[in-house]
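In: Fold the stuff below for me.
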Amino acid sequence: MVRRYVKKLFIVALLITAGLLLQITGLLDAEELLLVAREYTDHWWLIVVLILLQAIMFTFALAGSIFLWVAAPLYPPAMATFILAAGATLGGVTAYFFSRRLTDDWVKRIENSQAYKLLHKQDNFFTLFALRVFPAFPHSLVNYSSGILKVKLSHFIPAAFLGVGIKSYVYSDIIYNLTTTASVDNLLNVSTIAPLVLLSAISFLGVFIKYKLTNKLK
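Out: This is a model prediction of the structure:
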């Protein structure tokens, strides 16, 4: 029994290492990964592998979002959303702490980003949530900026899970229900992106109003 679990853990470690190496060398392809993953969808540990692979990618500012195209076709929207949100959040937390090991050159790049400047002024839950839910916003900038600024994890973690979760559910639902290339068109459709942009805008508006009221009270 013990040997069996050790063997599974070894396989998981190999898959994670392989995934990281493939991503770094530019050889990781969502379509190929999906073909391999389809063979193991009846194994519970595939979910763990997908979450850990994302976490590693996000830690090192790699394209963890590629797993949307793996999890969404394989699992119902709710499960795919959990996988994507868990992977992004775990990767966000590890990137948060990894940011303290960045070189001075990398730190300067992060400090010049809009995400850093915004979080430097407003590092609350709603700002973080708005950045997470906004379509195509680079998560690595949010993760590293938060780590450098030492944003409260009590704001960082729930904002990451909820923001990525909401966005992932919208996309996962489309991909799961469509099996043609039309899914790509729908992902870029205004009717799909607009609610996410609106939700993000409302969150930013709330932050702006709070900021103005706070200044008036001072």
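In: When you work out contacts or count neighbours from here on, use the C-alpha atoms and nothing else.
Out: Noted.
In: How about Ile51: what's its closest non-neighbour residue?
Out: Gly87 (4.2 Å; C-alpha to C-alpha, 6 or more residues apart in numbering).
In: If I look at Leu118, what pLDDT would I see?
Out: The model reports Leu118 with a pLDDT of 84.
In: for Phe156, same thing?
Out: pLDDT, read off for Phe156, is 96.
In: correct me, but it touches Phe126?
Out: No: the criterion here is C-alpha atoms under 8 Å, and Phe156 misses it with Phe126 at 9.8 Å.
In: Looking at the two now, which is surrounded by more residues?
Out: Between Phe156 and Phe126, counted using other C-alpha atoms under 10 Å, Phe156 has the larger neighbour count: 26 against 21.
In: Any figure for the gap between the more buried one and Ile47?
Out: 23 Å (C-alpha to C-alpha, to the nearest Å).
In: re the thing from before, tell me which element the residue nearest to Ile51 is part of?
Out: Secondary-structure element containing Gly87, defined by DSSP states H and E: helix 77-98.
In: Extract the CA atoms of that helix and return them as PDB.
Out: Backbone C-alpha positions of helix 77-98 (Å, rounded to 0.1, in the frame of the first residue of the first chain) are rendered in PDB as follows:
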ATOM      1  CA  PRO A  77     -17.500  24.000 -15.200                       C
ATOM      2  CA  ALA A  78     -17.700  23.800 -11.400                       C
ATOM      3  CA  MET A  79     -14.800  21.300 -11.100                       C
ATOM      4  CA  ALA A  80     -12.700  23.100 -13.800                       C
ATOM      5  CA  THR A  81     -13.300  26.400 -11.900                       C
ATOM      6  CA  PHE A  82     -12.100  24.900  -8.700                       C
ATOM      7  CA  ILE A  83      -8.900  23.400 -10.300                       C
ATOM      8  CA  LEU A  84      -8.100  26.700 -12.000                       C
ATOM      9  CA  ALA A  85      -8.900  28.900  -9.000                       C
ATOM     10  CA  ALA A  86      -7.000  26.600  -6.600                       C
ATOM     11  CA  GLY A  87      -3.900  26.400  -8.900                       C
ATOM     12  CA  ALA A  88      -3.800  30.200  -9.500                       C
ATOM     13  CA  THR A  89      -4.300  31.000  -5.800                       C
ATOM     14  CA  LEU A  90      -1.600  28.500  -4.600                       C
ATOM     15  CA  GLY A  91       0.700  29.700  -7.300                       C
ATOM     16  CA  GLY A  92      -0.100  33.300  -6.300                       C
ATOM     17  CA  VAL A  93       0.900  32.600  -2.700                       C
ATOM     18  CA  THR A  94       4.100  30.900  -3.600                       C
ATOM     19  CA  ALA A  95       4.900  33.800  -6.100                       C
ATOM     20  CA  TYR A  96       4.100  36.200  -3.300                       C
ATOM     21  CA  PHE A  97       6.900  34.800  -1.100                       C
ATOM     22  CA  PHE A  98       9.200  34.100  -4.100                       C
END
